[in-house]
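>>> next one to model:
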Amino acid sequence: MTAIRILGIDPGTQVVGFGCLELSVESGSRSSSAAPLALRASNVVRAGAVGSESVRPVECGVLRLGARGATVPERLRELADQFRELVARLGPHELALEQAFYGKSVQSALRIGEARGVVLAEASRAELAIHEYAPARIKRCVTGRGDAPKDVVADMVVRQLGQAAMAALVGMPRDASDALAVALTRVEERRSPLLQAASNPLLAGSLGEIPSPRRRS
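Numbering: from 1, shown residues only. The predicted structure is shown next:
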């Protein structure tokens, strides 16, 4: 049995959500991605529901980046320090990170981009495999809807991860459940049939570069 830890991060400039999942995969057996396509049509993760893989929450919470009057450089330094400690404590193998988006405020997106840069730099320093996902993809993966509100995302995270996640999320800001949703998106990607095929030497050739069309003479 192989255990892979995935650390999901919901970046912010004052509060950063984190959620760590452990994916257990039985060596040599078929993954849950072998389930019929019809069972996967909703694109919603069913943690441990099919095959030999199981998912359990390791830890979730938030990193608070200084007092209200802290400057941006001070917050970013605090983020670097806390993220480094988090990685050392949890020992993840992969990082799943939400991509920046403009939303209602370009200024807010720029600030989140700065926080993402710190996380990316520290994850690279720790030699983690890094995976980034658009907010709509995360919501669609966990709930089936790309425009799902945070409450729905949190509810689906609890449904998929069970009582352990419910207990861990009590009293937590939505940043924590959002981070678990990011990690669940990476779990679903690992279960993807295309990803499995790409790692199979017998099938890898068929997924290579598409040849250019021939020109007519």
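>>> could I get the full set of helices for the protein?
Assigned by DSSP state H, the chain shows helices spanning 72-90, 106-125, 135-143, 150-161, 163-169, 174-190, 193-198, 201-204.
>>> hey, which of those helices is tucked in deepest?
Of all the helices of the chain, helix 174-190 has the most neighbours on average by mean count of other C-beta atoms under 10 Å, namely a mean of 26. (C-beta placed from N, C-alpha, C; glycine too.)
>>> just the pLDDT for the closest residue to Phe83 other than its chain neighbours.
Among residues not flanking Phe83 along the chain, Glu122 sits closest, at 4.9 Å (C-beta to C-beta, 6 or more residues apart in numbering). Looking at Glu122, its pLDDT stands at 98.
>>> wait, Gln160 sits on Thr185?
No. With contacts counted by C-beta atoms under 8 Å, Gln160 stays clear of Thr185, the gap being 11.5 Å.
>>> wait, Ala3 sits on Glu26?
No. If you go by C-beta under 8 Å, Ala3 and Glu26 don't touch, sitting 10.8 Å apart.
>>> Glu85 is in contact with the residue nearest to Phe83, correct?
No. Assessed by C-beta under 8 Å, Glu122 is found out of contact with Glu85, at 10.2 Å.
>>> any stretches of the chain with poor pLDDT?
For the chain, residues meeting the criterion pLDDT under 70 lie at 27-53, 102-104, 193-217.
>>> distance of Pro73 relative to Val106?
Relative to Val106, Pro73 is positioned 20 Å away (C-beta to C-beta, to the nearest Å).
>>> just Gly113 next, same as before
Using C-beta to C-beta, Gly113 is found at 10 Å from Val106.
>>> again, but for Thr13
From Thr13 to Val106 the distance is 14 Å (C-beta to C-beta).
>>> before we move on, what about Leu95?
Separation of Leu95 from Val106 (C-beta to C-beta) stands at 26 Å.
>>> repeat for Glu85
To Val106, Glu85 is 32 Å away according to C-beta to C-beta.
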